[in-house]
Structure formats: C-alpha cells, structure tokens
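Enquirer: what shape does this take:
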Amino acid sequence: MVERNDLPAPQQGLVLTHFLTVRDVAVSRKFYADIFDGEVVLAENPAIVRIANSWIIMNPGGGPTPDKPEITLTPPEPGDPVSAFLNVRVADIAAFYADARARGAHFLTEPLDRKAELRCYLRDPDGHLIEVGQATGMLHGVFADRPAASS
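Expert: Here you go, the predicted model:
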C-alpha cells in the first residue's frame, strides 16, 4: 500500500507537481526513476515518481473530460515549439551530468557557463525538454545578460 507521505497529497496548504503526457508510461517512469534517482510511488493510472522534494505525474494523452472540456492532451512531436519545460536545480552539475550520462541520458550540450549559472538540457523519451542547472554567479550578484531589445 502507498503511504500518504509518498503521494503529492498535503494535509494542509499545497504542493506543486509536474504532469507529463507520455506515449509509454513504463518507459517514461523508468527514465525519471533512473536518471533523477526517483522513487516510483505509483506504477500507473497515473504513474507517480517522487524526485527529491517533488513529484512527476505521467499518463497517456486523451481527449476532453468533464473537468477539462475542449482540452486534448498529447505528448510533444518532434519540431514542436516549446512553451514550458522542467527545470531541475542541482548542487553539482558536473557530477549530475556524468552520472546521468552513465545512466543513459543524452544531453543537447555539456553544461555551459551562462554567467549566473551553469546549465544544460536533455529531453525525456517523449521529447519533453528538461533544463539542469547549478547556480553559480547568481549567488554572488552576477546575472545573465538581458536579451537584446527587439525592434
């Protein structure tokens, strides 16, 4: 039986989770458990993986339901624009990067110095974008350059 404290079910206040629409629950569940050292709390319907102090909830897509009329959930397709992504903050990005690669993660680049932080990105099996970052300069008042003004 799943313990209440293992689930994103606060006794007061709120807790923030991240829901992902996935093609194959078992593949995605394994990815998040393996790469992020997560604990599978619920295998399916929905799958829930506890990672550090948060939870990833995964289910296949589907059409509208009474509580979300006119909404269809689908995983991203290759080439889709990205409007949201998972942001993971780590204490030691070099160690995380090496460990995650050894576990099978494929990063878009190695960690890059962005002045305020070191960061890199990877995609999960469904193509969801994940940023992994370590605060560096921002801890000392150094922040990233502002984007150039558009004309």
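Enquirer: show me the domain layout of this structure.
Expert: 1-73, 76-151 (automatic domain parsing).
Enquirer: just put these in TSV and tack on mean pLDDT.
Expert: Supplementary listing: the domains of the chain in TSV, determined by pLDDT from 0 to 100:
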stretch	mean pLDDT
domain 1-73	94
domain 76-151	94
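Enquirer: can you put the ones you listed in CSV and add mean neighbour count?
Expert: For glycine as for every other residue, the C-beta is placed from the backbone atoms N, C-alpha and C. Shown next, in CSV, are these (neighbours: other C-beta atoms under 10 Å):
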stretch, mean neighbour count
domain 1-73, 14
domain 76-151, 14
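Enquirer: can you tell me the element the nearest residue to V90 once chain neighbours are set aside falls in?
Expert: In this structure, V90 finds its nearest non-sequential neighbour in F96, 4.5 Å apart by C-beta to C-beta, 6 or more residues apart in numbering. In this assignment (DSSP states H and E), F96 forms part of helix 93-102.
Enquirer: kindly export that helix (C-alpha atoms) in CSV.
Expert: Extracted in CSV, the C-alpha atoms of helix 93-102 (Å, rounded to 0.1, in the frame of the first residue of the first chain):
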residue,chain,number,x,y,z
ILE,A,93,26.2,19.9,-12.2
ALA,A,94,29.4,18.1,-13.3
ALA,A,95,28.6,15.2,-11.0
PHE,A,96,25.0,15.1,-12.1
TYR,A,97,25.9,15.3,-15.8
ALA,A,98,28.4,12.5,-15.5
ASP,A,99,26.1,10.3,-13.5
ALA,A,100,23.1,10.9,-15.8
ARG,A,101,25.1,10.2,-18.9
ALA,A,102,26.3,6.9,-17.3
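Enquirer: list the contacts of it.
Expert: Identification of contacts with helix 93-102 by C-beta atoms under 8 Å, 6 or more residues apart in numbering yields I35, V90, F107, E110, P111, L118, R119, C120, L122, V132, G133, Q134.
Enquirer: for the residue sitting nearest the centre point of the chain, give the beta-bridge partners.
Expert: Residue closest to the mean C-alpha point of the chain, counted by C-alpha atoms, centre = their mean, is L86 at 3.5 Å. Note on L86: beta-bridge partners I130, judged by DSSP bridges.
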